[in-house]
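Colleague: A structural model of the following input is requested.
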Amino acid sequence: MKPTSIKRACRMLAGSAALALACSPAWAAQASAKQVRELMDVFGVNRMFQQMNTQMAGMMGQQLPCVPASYWNHFLDEKGVQALSEKMIPIYQRHFTAEDIDGLLKFYRSPLGRKVVAEMPATMAEGMQVGQQWGRERSQAMMEQLQKDGTITGEGRCPASAPAQPALGKPAGKGSR
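Modeller: Purely as a prediction, here's the structure:
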């Protein structure tokens, strides 16, 4: 092979390797903080955080009635919501490329995407109600079965007479082997 042919082959090989790396997901362009903020705006993330804060303030107000309501109104403010949003940006950047974010923005700005965003809170709330009801029914069935089997008492407690079991792999005494 001539020296120029070797150089040309090396350049082609290097170019092919660079192209392969550029197309590899590991080398995909990271989403910018600006892109992530746009996506979070389209999702209404700050609004969701504010709603969560309001719910949390209500629960805390019930648990700590000595704290004035005005405290909770100012404790969970826009500044706190913004700080939480900023902490979310690196998470999105780890899981989505710039191309992914562009695709998501395109979808969530479409009529169907806007409908998903609008309907998701109600869908999630209804799903949580169904899940809670299912959990109550499942827990009740489990407790009834454990009582029927004699594993727990009628009050839903472990029987007091159950002997303590030695830890696995540890001998119970001298002659246990």
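Colleague: Would you work out how far apart the start and end of stretch 101-115 are?
Modeller: End-to-end distance for stretch 101-115: 18 Å, by Cα to Cα, to the nearest Å.
Colleague: And that stretch, what's buried?
Modeller: Of all the residues in stretch 101-115, those buried under the rule 16 or more other Cβ atoms under 10 Å are I101, D102, L104, L105, Y108, G113. Yep, even glycine has a C-beta here, placed from its N, CA and C like the rest.
Colleague: Which residues does the host helix or strand of the second one contact?
Modeller: Read it as D102. For D102, the element it lies in under DSSP states H and E is helix 98-108. Applying Cβ atoms under 8 Å, 6 or more residues apart in numbering, the external contacts of helix 98-108 come out as 28-32, 35-36, 38-39, 42-43, 92, 96, 113-114, 116-117.
Colleague: chain center to the longest helix seen in the chain, what's the gap?
Modeller: Determined from DSSP state H, the single longest helix within the chain is helix 111-149. Between the centre of helix 111-149 and the centre of its chain there are 17 Å (Cα atoms, centre = their mean, to the nearest Å).
Colleague: now for it, which elements pack on it?
Modeller: Applying 3 or more Cβ pairs under 8 Å, 6 or more residues apart in numbering; DSSP states H and E, one finds that helix 111-149 makes contact with helix 33-43, helix 98-108.
Colleague: how far off helix 33-43 does the last one point, in degrees?
Modeller: Computed with axes from the mean of the first three to the mean of the last three Cα atoms, to 10 degrees, the direction of helix 98-108 lies at 20 degrees from that of helix 33-43.
Colleague: Run the angle between helix 98-108 and helix 111-149 for me.
Modeller: 90 degrees.
Colleague: Check the first one too.
Modeller: Using the same axes, to 10 degrees, the inter-axis angle of helix 33-43 relative to helix 111-149 is 70 degrees.
Colleague: Can I get helix 33-43 as PDB, trimmed to CA atoms?
Modeller: Extracted C-alpha coordinates of helix 33-43, given in PDB (Å, rounded to 0.1, in the frame of the first residue of the first chain):
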ATOM      1  CA  ALA A  33     -31.300  23.800  31.300                       C
ATOM      2  CA  LYS A  34     -33.400  26.100  29.100                       C
ATOM      3  CA  GLN A  35     -34.900  23.200  27.200                       C
ATOM      4  CA  VAL A  36     -35.800  21.400  30.500                       C
ATOM      5  CA  ARG A  37     -37.300  24.600  31.900                       C
ATOM      6  CA  GLU A  38     -39.500  24.900  28.800                       C
ATOM      7  CA  LEU A  39     -40.600  21.300  29.200                       C
ATOM      8  CA  MET A  40     -41.400  21.800  32.800                       C
ATOM      9  CA  ASP A  41     -43.400  25.000  31.900                       C
ATOM     10  CA  VAL A  42     -45.400  23.000  29.400                       C
ATOM     11  CA  PHE A  43     -46.000  20.300  32.000                       C
END
